[in-house]
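Enquirer: quick check, what structure comes out for this input:
(chains A and B)
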Amino acid sequence: MSWINKGTTGLILKLSPLMLPYLVLFCGGVFLTVCQSAGIFTPLPHAGRALDAYGLILSDPSFFASFGFSLGVALISAAGSVIAGTFLAYRVWQLPAKLANAALVYKIPLILPHISVAFVVLIFWSQSGILASLAHQLGLIQAMHQFPNVLYSGWGLGMILAYTLKGTPFAMLLVMALLVRFDVRQIQTAAMLGASGLRIFFTIVMPRLAPALHSSFIILFLYSFGAFDIPFVLSESRPGMLSIHVYNLYFKHDLARRPEAMAILTIMFCFAVIFIIAYTKIVTRLENTVRKL
Amino acid sequence: MDLEVCRVSKGYKNKAVLADISFDVGPRELVSIVGPSGVGKTTLLKIIAGLETPDKGQVMFSCPLNRKHPVIIVFQDYVLFPSMTVKDNVGFGLKARHLKKKQIIEQVNQMLAYFQLTGQADQYPAQLSAGQKQRVAIARAMIVNPAVLLLDEPFANLDRNLKMETARFIRTTQQAFGIPTVSVTHDLEEAFAMSDRIGVLLDTRLQQFDTPRKVYFNSASRAVARFLGPVNQIPKKWFSLFKINPGQADLTAGETVPARPENLILTDNPNGPGRITQKTFAGHYTVYTVTIENRTCTVYSQDDRFFTGQQVALTLKPY
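Expert: Below you'll find the predicted structure:
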């Protein structure tokens, strides 16, 4: 028994360079957030009860509007990225070797910061942007306001575009990692048996890509749900993204409202955890057979 | 449906893999192409299947191929669809043809029963033995009534004691379904057991294409004979010792007659011309090395009573 303890201690010591920052920064950060949401360790003494901030947040209709809006933007952009990434990766994988090498250009958006992608979308899609200018040059529109207000239509299309642009190459990367190990003879066999391209894709290829699709969807969804950079450039005020809501509460309001900002962050964190657990359970149940392999 | 491979050549990076390959497969015929590993057997199969294009020559089918009657290749490692059960694998081709569900279930059940896979219907490929996987792969191909069935190294992943049983099973199945079949393998015994005709692929060329018996006992060249198993060369001056009638001797390979070890009969004879110099037990037979003058002959015999140093006589059993 003693050697197990010794081994465990040794393992913890070896992992400590990684675990210490995690414990201090992540766990410490979560702990402090939860505390401040309850009025503990706040800059100003908290006069009310511990769950007052949660009461205020949950009774505010604008919070639910923001929550639903953030959820919609995150779901659509993550799903769009995964669908586009999977389709493009499959097509790139089918290209001859020389062309497939050239197609590595898809990785470029991966190295761009999110804020840059937000500006790319802004520059292209705003009513004074490149596409609007092009439409004007082609005689399709006569004035700036005639170009569709894509970015600020109230549907979060600008953010969805930016997140999809940024997320698609990420999904492609994960899918390509599985495709390079995929046995092409499975496709040949299915084709010989008379299957169409669509049937081959959905019944033979997709089940093998499922792990990458689920991983990329969870990562992209949770990032889009809580990120601040793209909404800061492209979001609208009503309804706003939750991250912007938190920012406003934290920096643009009285210090006394800090517990409310922290309560929103705590709710977002809890939602992320519940989402991952629920998603994984559903996927495990649906694909129990595949995972057995 | 039958097929004809006509003067097919294929090379990679200026290196010839197949040169001027021609043979035909009749309806209901099972043909095996044998050759050492890496000689281009699988490439030939892929060319027949249309998965690779020959540099020269062509593969002709008596009826044009279509989606309903395709050429199907069963790969060496079977390539079952891992996320599908056995019954889904077998029924895949029927679903692709948009058959009614009831019809698919009926045909799949019949096929599973024929291939003795009913108990494994709901299992996944990862849960099957190599033999079961192979039967699933063949059942999956047979259910769509292919124009031609191609088998790539069908015995490569099987245990030794399962190979001959599988060869017989393939033969029986092929005859039952009446589908022309081409198999490429380096398992000679199994190829002999199941094939109507055999082609020997050596040094990029099809050296001989004939019935198993003719290929084995009347090999077209020493290289073919050696590839198919040990062979003794009996010189003309020994014909009387081996009781060979010179008028009936096949001297096409030179001034010697080829003799398979199992066709030489040993007899105890203190004045015999040969002396046993080595004796090796090989299970269901014994290998004797007999020295005559300065040359040696290999003899396979069921008789284990001979001993090293014994004087013996040798006779060539007519084929």
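Enquirer: ok, and the helix or strand in the chain with the lowest average confidence?
Expert: In the absence of a named chain, chain A is used. helix A:288-292 (a mean of 49; mean pLDDT, DSSP states H and E).
Enquirer: you looked at the wrong chain, it should be chain B
Expert: Ranked by mean pLDDT, DSSP H and E, the helix or strand of chain B with the weakest confidence is strand B:256-259, at a mean of 86.
Enquirer: who does it pair up with?
Expert: In the sheet, strand B:256-259 lines up against strand B:232-235 (antiparallel) (DSSP bridges).
Enquirer: what comes up buried for stretch B:307-319?
Expert: Judged by neighbour count (16 or more other C-beta atoms under 10 Å in any protein chain shown), stretch B:307-319 contains these buried residues: B:310, B:312-314, B:316. For the C-beta atoms, the positions are set from N, CA and C on the backbone; glycine is no exception.
Enquirer: neighbouring contacts of it?
Expert: B:213, B:217-218, B:234, B:241-244, B:248, B:257, B:259, B:263-279, B:290, B:292, B:297, B:299, B:306 (C-beta atoms under 8 Å, 6 or more residues apart in numbering or on different chains).
Enquirer: repeat for stretch A:29-42
Expert: Identification of contacts with stretch A:29-42 by C-beta under 8 Å, 6+ apart yields A:46, A:48-54, A:255, A:258-259, A:262-263, A:265-266, A:269.
Enquirer: drop anything exposed from those residues.
Expert: A:46, A:52-54, A:258-259, A:262-263, A:265-266.
Enquirer: what sits against the nearest residue to residue B:128 once chain neighbours are set aside?
Expert: What sits nearest to residue B:128 in space, not counting adjacent residues and going by C-beta to C-beta, 6 or more residues apart in numbering or on different chains, is residue B:120, at 6.2 Å. Residue B:120 sits next to B:86, B:112, B:127-128, B:132, B:136 when contact means C-beta under 8 Å, 6+ apart.
Enquirer: among those, which two are most distant?
Expert: Greatest spacing in the contacts of residue B:120, by C-beta to C-beta: B:112 and B:127 (15.1 Å).
Enquirer: more crowded one of those two?
Expert: Shown here are residue B:112 and residue B:127; by other C-beta atoms under 10 Å in any protein chain shown, residue B:112 has more neighbours (22 against 14).
Enquirer: which strand or helix spans that one?
Expert: helix B:101-114 (DSSP states H and E).
Enquirer: now do the helix or strand that that helix is followed by: which elements does it pack against?
Expert: Sequence order places helix B:130-142 as the next helix or strand after helix B:101-114, per DSSP H and E. Packing partners of helix B:130-142 (3 or more C-beta pairs under 8 Å, 6 or more residues apart in numbering or on different chains; DSSP states H and E): strand B:71-74, helix B:86-96, helix B:101-114, strand B:148-152, helix B:160-177.
Enquirer: which other helices and strands contact the shortest one?
Expert: When contacts are defined as 3+ C-beta pairs under 8 Å, 6+ apart, strand B:71-74 sits against helix A:184-192, helix B:41-49, helix B:130-142, strand B:148-152.
Enquirer: hey, C-alpha coordinates of that strand in CSV?
Expert: This file holds the C-alpha atoms of strand B:71-74, laid out as CSV (Å, rounded to 0.1, in the frame of the first residue of the first chain):
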residue,chain,number,x,y,z
VAL,B,71,-17.5,-6.8,-60.1
ILE,B,72,-16.9,-7.2,-56.4
ILE,B,73,-13.6,-7.6,-54.7
VAL,B,74,-13.3,-9.2,-51.3
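Enquirer: tell me the one of the contacts of stretch A:29-42 nearest chain B?
Expert: Nearest to chain B among the contacts of stretch A:29-42, counting by C-beta to the nearest C-beta, is residue A:269 at 34.7 Å.
Enquirer: got the contact list for the closest one?
Expert: A:30, A:33.
Enquirer: then residue B:146?
Expert: B:69-72, B:179.
Enquirer: just confirm residue B:123 contacts residue B:86, I think it does.
Expert: Yes: between residue B:123 and residue B:86 a contact is recorded at 5.5 Å, counting by C-beta atoms under 8 Å.
Enquirer: more neighbours: the two, which one.
Expert: Neighbours were counted for residue B:123 and for residue B:86 using other C-beta under 10 Å; residue B:86 has more, 28 against 15.
Enquirer: if I look at the more buried one, how far off is chain A?
Expert: 12 Å (C-beta to the nearest C-beta, to the nearest Å).
Enquirer: now check the helix or strand harbouring residue B:4, is it near chain A?
Expert: Remark: residue B:4 resides in strand B:3-12, with elements defined by DSSP H and E. No: legend: contact between strand B:3-12 and chain A by C-beta under 8 Å from any C-beta of the partner chain is lacking; minimum distance shown is 14.5 Å.
Enquirer: partner strands of that strand, with direction?
Expert: Strand B:3-12 has these strand partners (DSSP bridges): strand B:15-25 (antiparallel), strand B:56-61 (antiparallel).
Enquirer: any low-confidence regions in chain A?
Expert: Applying pLDDT under 70 to chain A flags the ranges A:1-4, A:237, A:287-293.
Enquirer: contact residues of it facing chain B?
Expert: Checking chain A against chain B by C-beta under 8 Å from any C-beta, the hits are A:183, A:185-186, A:188-190, A:192-196, A:199, A:203-204, A:207-208, A:289-290, A:292-293.
Enquirer: who's in contact with the nearest residue to residue A:126 once chain neighbours are set aside?
Expert: Nearest residue to residue A:126 in three dimensions, chain neighbours excluded: residue A:151, at 5.6 Å (C-beta to C-beta, 6+ apart). Residue A:151 sits next to A:121-122, A:125-127, A:157-158, A:234 when contact means C-beta under 8 Å, 6+ apart.
Enquirer: and the residues you listed, which is closest to chain B?
Expert: The closest of the contacts of residue A:151, once distances to chain B are taken by C-beta to the nearest C-beta, is residue A:157, at 36.1 Å.
Enquirer: now that closest one, nearest residue through space, not along the chain?
Expert: What sits nearest to residue A:157 in space, not counting adjacent residues and going by C-beta to C-beta, 6+ apart, is residue A:150, at 5.1 Å.
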